[in-house]
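In: Sequence and predicted structure are below.
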Amino acid sequence: MYEREKGLVELVLSGNSEAFEPLVKPYRKRLLYLAYRLTQNWDDAMEVCQETMLRAFKYLRKYDSRKSFKNWIFKIMLNAARNYIKKNLPFDTDSLGRIEALDLRPEEKQATKEFQSQLLESLKGLSPREREIFLLRDIDEWSVKETAKIVGCSTGAVRVHLCSARKKIKQTIKEKFPHWLEK
Amino acid sequence: MLRMNCKRVKKGIPLLAGKDLPRKKLESLIDHLEKCPLCQQELEEYKLALERIKILAQEEEKKDWAEAEWKALMERAIAQKGERIFIPAGWLQKRKYALAFIPIMFIASIGIVYIFWNRLSLKPREIPFKPEKTIAQKVELPPLSPEKIIEVRTKIASPTAFSTAESAEKAETPETLTLVLVSPETGLKITWIFNKNFEWKEEEK
């Protein structure tokens, strides 16, 4: 199952750096979208993904070829996103709160809010851990076990956070987008 | 009874909506859901909410990396130096072998310490030598030739060797020579008493 990736990793480690691009390219989009949903900003998401690629190449020797490369690189991205948010977004990562903090005129702030992703709006109110787990499980469709490995917690903890996240999201949708719940 | 079940079931509905409920709880929940329309509606709402979220996510996924930006990033990544770390041999990467290696190394290190400890403790013990007060300053063991006798000390012969009369007479005229030889290594003391008037006569056959 991991033969292709194993072969490419061996090529990169043996000195053939050209093999790094085909190794990471299949995951670049998904990494970008997940980073965007975590940081709630495309520019920040690009920064996080760049950091992810740099770290992936630098620490490729630490990758255990018996395990999934996809899990490994997503774990790097998650850690990079957490560090980035901690350093650059010390205040609450609520998207609307961030817009308020920007140095914009009031009409510009309003326009920005209106164009804010409905998805991000529905994720408002989740804790960072709940957001990570919800995005990995329900948006990216990782299994509970894979989610636990990437996030770095037990499957039981994943279920607890997932249950809590889904309750909050359903409540938010009921308040802000009630028409979504109509068949 | 039905109310209590609803309360319990509602706790599991968010996980059931995403098919994440463990099997143990699944059967009892399904039994209740077949009978309870309120819980069924709750479950449907959760499923609709999750479906809608997924559709939104798919609609948003149009943005991608600009090719020039991607190429620049790849060049930047490749230009880095990889992290040099020790990579153990293939057989060591298997956890079970690595775990078995730890006690073997521990036993081997104990064995090495034990061997070196024994070697260090095999040096001959130095017996502290306490010289007697009467020992002469220099004592050299004489060669076999009787002429070379080093006078160490002169004293009157022991009274047990002679009769009372003789010893009195001898005390007045020092005709004996006493040589005391002491080994510095073992402390063995050998006392030679020489009488000047002694003549060795072989037994006549």
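Out: Yes, it's here. Numbers count the residues shown, from 1 in each chain, chains lettered A, B, ... in the order given.

In: Contact partners for the closest residue to A:Gln118 other than its chain neighbours?
Out: Nearest residue to A:Gln118, sequence neighbours excluded (C-beta to C-beta, 6 or more residues apart in numbering or on different chains): B:Leu56, at 5.8 Å. Every residue, glycine included, has its C-beta placed from N, CA and C. Applying C-beta atoms under 8 Å, 6 or more residues apart in numbering or on different chains, we find B:Leu56 in contact with A:117-119, A:122.

In: at 10 Å what do you get?
Out: B:Leu56 is in contact with A:117-122, A:139, A:177, A:180, counting by C-beta atoms under 10 Å, 6 or more residues apart in numbering or on different chains.

In: For A:Asn79, see how far away it is.
Out: 26 Å (C-beta to C-beta, to the nearest Å).

In: ok, back up a step: from the contacts of B:Leu56, which land in helices?
Out: Under the assignment DSSP state H, those contribute A:118-122 to helices.

In: Tell me where the chain has strands.
Out: Since no chain was named, I'll use chain A. Using DSSP state E, no strands are found in chain A.

In: wrong chain, I was asking about chain B
Out: Going by DSSP E, chain B shows strands at B:176-182, B:189-195.

In: the inter-axis angle of the first one versus strand B:189-195?
Out: Here strand B:176-182 runs at 170 degrees with respect to strand B:189-195, directions being taken by axes from the mean of the first three to the mean of the last three C-alpha atoms, to 10 degrees.

In: Only C-alpha atoms, please: export strand B:176-182 in PDB.
Out: Presented in PDB, the C-alpha positions along strand B:176-182 are these (Å, rounded to 0.1, in the frame of the first residue of the first chain):
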ATOM      1  CA  THR B 176      80.600 -13.800  70.400                       C
ATOM      2  CA  LEU B 177      79.200 -12.100  67.500                       C
ATOM      3  CA  THR B 178      75.500 -11.900  66.900                       C
ATOM      4  CA  LEU B 179      74.200 -11.300  63.500                       C
ATOM      5  CA  VAL B 180      70.500 -10.600  63.100                       C
ATOM      6  CA  LEU B 181      69.100 -10.800  59.600                       C
ATOM      7  CA  VAL B 182      65.600  -9.600  59.000                       C
END
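
In: So which elements touch that strand?
Out: With contacts taken as 3 or more C-beta pairs under 10 Å, 6 or more residues apart in numbering or on different chains; DSSP states H and E, strand B:176-182 sits against strand B:189-195.

In: name the helices or strands packed onto the strand it packs on?
Out: Under the contact rule (3+ C-beta pairs under 10 Å, 6+ apart), strand B:189-195 is packed against strand B:176-182.

In: For the strand it packs on, give the mean pLDDT please.
Out: Averaged across strand B:176-182, pLDDT comes to 85.

In: Name the residues of that strand that come out as buried.
Out: Under the neighbour-count criterion of 16 or more other C-beta atoms under 10 Å in any protein chain shown, strand B:176-182 has B:176-182 buried.

In: between these, which is nearest B:Tyr114?
Out: B:Val182 (40.7 Å; C-beta to C-beta).

In: Of all residues in chain A, which one is nearest the centre?
Out: A centroid search over chain A (C-alpha atoms, centre = their mean) returns A:Leu34, at 3.2 Å, as the residue closest to the centre.

In: which residues sit in contact with that one?
Out: A:27, A:45, A:48-49, A:74, A:77-78, A:81, A:132, A:135-136, A:139-140.
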